[in-house]
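Chemist: Mind folding the following:
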Amino acid sequence: MAERALEIREVGPQVTVQDLGRPGHAHLGVPHSGALDAPAHRLANRLVGNDESAATLECLGGQLSFRTRTAVTIAVTGARVPVTVDGRGQDWGNAVSVSAESLVELGTVTEGLRAYLAVSGGVEVEPVLGSRSTDLLSGLGPEPVSDRDVLALGQPEHPPVPVEAVRTPPPSRELRLRLGPREDWFEKAAVKALVGSSYVVGSESNRIGLRLEGEPIRWSGDEQLPSEGMVLGSVQVPPNGQPVIFLHDHPTTGGYPVVGVVVPDDLAVCAQLRPGEQVTLRVV
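Modeler: Here you go, the predicted structure:
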């Protein structure tokens, strides 16, 4: 029987192995990690018959090509991206059967930012603290995928799910925010102005944090806050007043006040926002 593996040919800006992360280790200084767009990750796995916790490839901007050593089923979700097998176009958001020794290529994303590739059996890298996720802050988990890597695959447990191509609504440009725990550290007018305020996504955004640029959220004083625990989705505001939304590879402590926390269901929106795009904050 042929070895179950992918032979990576070329990768784009960043391709990482991700599952549902390693929550529960913040007291050890270990971030949550895992797929930034968890719904897209879960859907891709369901389409190919994997458990939702199986490891996928998170492709920043798309741009990935590989050969299959054995026959597999793949699905691509998340950001819209052209998918071809041996040069022939395939459905995005659907289960696709791929023969052994086929060349699979993901082009550049046309909508959104991060595409998720699931392969039947899941990517079988060595787990660390119960997760196969790449953590770019702590360095836990596998290194980001590189050209000419060989990625082992697990054995399929269930048949793929035959569905029509997934139809998704237009991507959201809003983030719901619950105030606290340190909104009292900011000028009242600045907190009030958060309602319906718009920001531009900064070019330095990454898996650690979504950097926003716009009207500063000003501190009410210049006192320094002792370092304290940070949760996923925290909106930390440094002295320049430009907010940073902590994403899955965020540090577990921080010394700047948190004006609010993004509603968990909206974190997937952060995964698909491109630098230069505008996002609106809604206080709930």
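Chemist: Tell me the helix or strand right after the strand or helix carrying residue 45.
Modeler: Secondary structure assignment for residue 45, by DSSP states H and E: helix 38-48. Next in sequence after helix 38-48, counting helices and strands by DSSP H and E, comes strand 56-60.
Chemist: what packs against that following strand?
Modeler: Where contact means 3 or more Cβ pairs under 8 Å, 6 or more residues apart in numbering; DSSP states H and E, strand 56-60 is packed against strand 14-18, helix 38-48, strand 111-119. C-beta coordinates here come from the backbone N, C-alpha and C atoms, glycine included.
Chemist: what's the closest of those to residue 126?
Modeler: Nearest of these to residue 126, taken as Cβ to Cβ: strand 14-18 at 10.4 Å.
Chemist: Which neighbours in the sheet does the closest one have, and how are they oriented?
Modeler: According to DSSP bridges, strand 14-18 forms sheet pairs with strand 56-60 (antiparallel).
Chemist: quick one: the strand it pairs with to strand 111-119, angle?
Modeler: Strand 56-60 and strand 111-119 are oriented at 160 degrees to each other (axes from the mean of the first three to the mean of the last three Cα atoms, to 10 degrees).
Chemist: what angle sits between strand 56-60 and helix 38-48?
Modeler: Comparing the axes of strand 56-60 and helix 38-48 via the same axes, to 10 degrees yields an angle of 130 degrees.
Chemist: How about residues contacting strand 56-60?
Modeler: By Cβ atoms under 8 Å, 6 or more residues apart in numbering, the residues outside strand 56-60 that reach it are 11-19, 35-37, 41, 44-45, 64, 78, 81, 106, 113-119, 122-123, 145.
Chemist: ok, of those residues, which come out buried?
Modeler: Among the contacts of strand 56-60, those buried by neighbour count (16 or more other Cβ atoms under 10 Å) are 11-12, 14-19, 35-37, 41, 44-45, 64, 78, 81, 106, 113-119, 122-123, 145.
Chemist: quick one, strands of the stretch 1-150 of the chain?
Modeler: 5-11, 14-18, 56-60, 62-68, 72-80, 83-85, 88-90, 96-98, 103-108, 111-119, 150-152 (DSSP state E, counting those that start in this stretch).
Chemist: ok, and for the first one, which residues are buried?
Modeler: Within strand 5-11, the residues that qualify as buried are 5-6, 8, 11, counting by 16+ other Cβ under 10 Å.
Chemist: chain center to it, what's the gap?
Modeler: Strand 5-11 has its average C-alpha position 20 Å from the chain's average C-alpha position, going by Cα atoms, centre = their mean, to the nearest Å.
Chemist: What mean pLDDT does it get?
Modeler: Per-residue pLDDT over strand 5-11 has a mean of 98.
Chemist: Same check on the last one?
Modeler: When pLDDT is averaged along strand 150-152, the result is 98.
Chemist: That one packs against which elements?
Modeler: Counting by 3+ Cβ pairs under 8 Å, 6+ apart, strand 150-152 packs on strand 5-11.
Chemist: got the contact list for the strand it packs on?
Modeler: Against strand 5-11 from outside (Cβ under 8 Å, 6+ apart): 59, 63-70, 103, 119, 123, 144-153.
Chemist: Distance to residue 200 added to the strands of the stretch 1-150 of the chain, as a markdown table?
Modeler: Below are those laid out as a markdown table (distance: least, Cβ to Cβ, whole Å):
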| stretch | distance to residue 200 |
| --- | --- |
| strand 5-11 | 28 |
| strand 14-18 | 21 |
| strand 56-60 | 19 |
| strand 62-68 | 23 |
| strand 72-80 | 19 |
| strand 83-85 | 30 |
| strand 88-90 | 34 |
| strand 96-98 | 36 |
| strand 103-108 | 22 |
| strand 111-119 | 15 |
| strand 150-152 | 36 |
